[in-house]
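# Pasting the sequence and the predicted coordinates here, then a few questions.
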Amino acid sequence: MDKKIINTSNAPAPIGPYSQAVASNGMLYVSGQIPLDPATMELITSGIQDETHRVMKSLGAILQEAGISFDHVVKCSIFVADMGDFGAINKVYGSYFGENPPSRETVEVSTLPKNVNVEISCIAALN
């Protein structure tokens, strides 16, 4: 099996038994990121837009560690605690993608890890 673990100090260290990302068979599977500051491991709680930017910066750091960018992302999953935040999340999220954004789903859930407001994961092509 072709499997390589991707980790970077520029994104939060895993808080459980998972890797930041796994590269396998030409694809990169990035674990869900929550708004944790990678330097302090403290939650960003200054508002949904700041929280979403922190999540996207963490995803970007993991993609960069794998040698790719947001242009390579083919699928995202967004989990939100309150669908009322969708507009603000969507505005920030969209600013990280160009003319050809990836496919995605957005799902409201009852609780996220550490009771955060947003978590985003992605899948990207490595070539």
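The structure has been received and is ready for your questions.
# packing partners for the longest helix anywhere in the chain?
When the chain is scanned for its longest helix (criterion: DSSP state H), the result is helix 48-65. Applying 3 or more CB pairs under 8 Å, 6 or more residues apart in numbering; DSSP states H and E, we find helix 48-65 packed against strand 27-33, helix 86-94, strand 118-125. (C-beta placed from N, C-alpha, C; glycine too.)
# And for the shortest one, what's in contact with it?
Translated: strand 27-33. Contacts of strand 27-33 with the rest of the structure, by CB atoms under 8 Å, 6 or more residues apart in numbering, involve 6, 11-12, 14, 18-23, 55, 58-59, 62-63, 66, 68, 72, 77, 79, 119-126.
# Buried only: go through these for me.
Restricting the contacts of strand 27-33 to buried positions leaves 6, 11-12, 19-23, 55, 58-59, 62-63, 66, 68, 72, 79, 119-124, with burial counted as 16 or more other CB atoms under 10 Å.
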